[in-house]
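In: Predicted structure and sequence below. I'll ask about it afterward.
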Amino acid sequence: MVFLSVYEMMNPLTTVRKQHFWEYFTGKGLDAKIWQTLGSGSAGMDDQSTNGGYSLTASASGYNKRSIYFGNVSPFSPTASVFIANAKFSQTSGLSIGYVGLSADGTDGSTSRFYIGKMDSAQSSNFGASTANSTGATTHTDGSVSQDRSYHSFKGVLGSSSCQSYIDGVLDITASGSDKLPNTGLQPTALSMANTANPSIKLNIRYFEAYNT
Amino acid sequence: MPTTVDSLYEQLFPLTTVMKQRFVENFSGNTLDTDRWGTQTSTGGTYTMKNEVDGGFEIATGTANNHAASIGFAPTSTSGNPYNTPRQYSHTGSVIIFVQKWTSHVGSTSASTSGLHAERRGDNAGANGCAAMASLWNNNFLLRTCDGSQNQSNTDTTMTKDNVLHSYKIELTSSYAGESIDGALQLSHTTNLPEAKMSPVFGLQNHSNQGASSFILNYVEAYNT
């Protein structure tokens, strides 16, 4: 036996646990008590392959978005939290976008957020990070890992002066500049975004964990 | 970091040990998981996933005297004390761990129930229960047990009531009920121990002198030992 309880896997009982959440995306359907869906397109448990998890595909026109989020219940800190997601994206080029992370509203709108994922090709051909504050001031930061269609573990560490992105366990991107970092409460989000000139992107997610530090 | 093992199961037990009933609730998401929890819908109770950092889930009473609110495994109903079925946790070998913070003035609360009980009720009375409690009649947090004949007794902890998140652990054996707060053992209580199976209950009963009563939860774990 390693631990007496699940609690003690992550904290001794002398440490009061902060908000902590995890989701395996396994079952008949998305747990609608936890998650809400947003936007147009398709979404559902993926029966196409093993390890399919849950998939989201925005409708293939305009700037359609398809996302899952908590329905604007935001218990995670913009300056002291962590998210971990296992996800993959169906596109490696073009202007479509796929993100996993924490956001204030489940979109790429003018609200606080910290996403990691597939940037559009005008921004980078590598995986990257996108951060924004509540006024919509946004920064996109390239990483060094080329976009591909494989699952990766994406870990975001939100601090008071930076947002760090780990890809498959390696620190790859550090976004800083307090005027462009999230500054309001956040919720788990996975987001597929189409573009007028490109096919839509399918995002598969099979694990999401978030906790305050 | 302790030794890495292959599975979540093996973080808790070797595969040679058959795990007993266990559950974990993180109180994160859009709404309460009403496939798991039932609520008391009478007397003005509200049940809210809080939209704030570390907000967890809040249970609040109405403002009148004896208004009560509670969640448990009993189906949602207007009843104040239904049997809290399914009752899968042992009165002689179980643990419940939870993280809780009072969000009202505790002076507005007549009684509360945070732990295991055979009935879903906010007043921590009835038959077969073992739950932490805060009350305007006590300066400190306390533990109350109820036996099968509705006899109850309390033991005070050494912790003064406050409005801060704490971790609570209640352990039930055949001879005592122990309570720890923030990892420090507070008490070992031996009288009027529960005599039948139970399940998790969190609730409270209001006193009318200071408005509604409320607390938040952001974690519950229960398991048989």
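Out: Structure received.
In: Okay, and the beta partners of residue A:158?
Out: residue A:81, residue A:163 (DSSP bridges).
In: From residue B:38, how far out is it?
Out: According to Cβ to Cβ, to the nearest Å, residue A:158 stands 36 Å off from residue B:38. In short, each C-beta sits where N, CA and C put it, glycine included.
In: Tell me which of those two has more neighbours.
Out: A side-by-side neighbour count of residue A:158 and residue B:38, using other Cβ atoms under 10 Å in any protein chain shown, places residue A:158 first with 26 against 21.
In: Only alpha carbons, please: show stretch A:91-98 as CSV.
Out: Extracted as CSV, the C-alpha positions of stretch A:91-98 are listed here (Å, rounded to 0.1, in the frame of the first residue of the first chain):
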residue,chain,number,x,y,z
GLN,A,91,-4.8,19.0,-38.7
THR,A,92,-1.1,19.9,-38.9
SER,A,93,-1.5,22.8,-41.3
GLY,A,94,-4.0,25.4,-42.3
LEU,A,95,-5.8,28.0,-40.2
SER,A,96,-7.9,25.8,-38.1
ILE,A,97,-7.2,25.8,-34.3
GLY,A,98,-7.4,23.3,-31.5
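In: Residues contacting that stretch, please?
Out: A:58, A:87, A:89, A:108, A:117-122, A:125, A:146-149, A:191-195, A:197-203 (Cβ atoms under 8 Å, 6 or more residues apart in numbering or on different chains).
In: same deal with stretch A:45-61?
Out: Contacts for stretch A:45-61 (Cβ under 8 Å, 6+ apart): A:25-30, A:39-44, A:64-68, A:86, A:90, A:96, A:151, A:190-194, A:196, A:199-207.
In: quick one on the thing from earlier: generate a PyMOL selection restricted to the buried entries among the contacts of stretch A:91-98.
Out: Selection of the buried residues among those in PyMOL, burial being defined by 16 or more other Cβ atoms under 10 Å in any protein chain shown:
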select buried, chain A and resi 58+87+89+108+117+118+119+120+121+147+191+192+193+194+195+198+200+201+202+203
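In: Of the contacts of stretch A:91-98, which belong to strands?
Out: Counting by DSSP state E, the part of the contacts of stretch A:91-98 found in strands is A:58, A:87, A:89, A:117-118, A:146, A:191-193, A:202-203.
In: What is the helix or strand harbouring residue B:130 packed up against?
Out: Here residue B:130, judged by DSSP states H and E, is contained in strand B:129-133. Judged by 3 or more Cβ pairs under 8 Å, 6 or more residues apart in numbering or on different chains; DSSP states H and E, the packing partners of strand B:129-133 are strand B:109-117, strand B:140-146, strand B:166-173.
In: which of the ones you listed is buried the deepest?
Out: Comparing these by mean neighbour count (mean count of other Cβ atoms under 10 Å in any protein chain shown), strand B:109-117 ranks first with a mean of 28.
In: Strand partners (parallel or antiparallel) of that strand?
Out: Here, using DSSP bridges, strand B:109-117 pairs with strand B:129-133 (antiparallel), strand B:199-206 (antiparallel).
In: Find the helix or strand that the most centrally placed residue in chain A is a member of.
Out: Most central in chain A under Cα atoms, centre = their mean is residue A:100, positioned 1.6 Å from the mean C-alpha point. Per DSSP H and E: residue A:100 is located in strand A:97-103.
In: Show me what counts as buried in that strand.
Out: A:97-103.
In: And those, which is closest to residue B:213?
Out: Comparing those against residue B:213 with Cβ to Cβ places residue A:102 closest, at 32.2 Å.
In: Tell me the pLDDT of the nearest residue to the closest one once chain neighbours are set aside.
Out: Ranked by Cβ to Cβ, 6 or more residues apart in numbering or on different chains and with sequence neighbours excluded, the top spatial neighbour of residue A:102 is residue A:186, at 3.7 Å. Note on residue A:186: pLDDT of 98.
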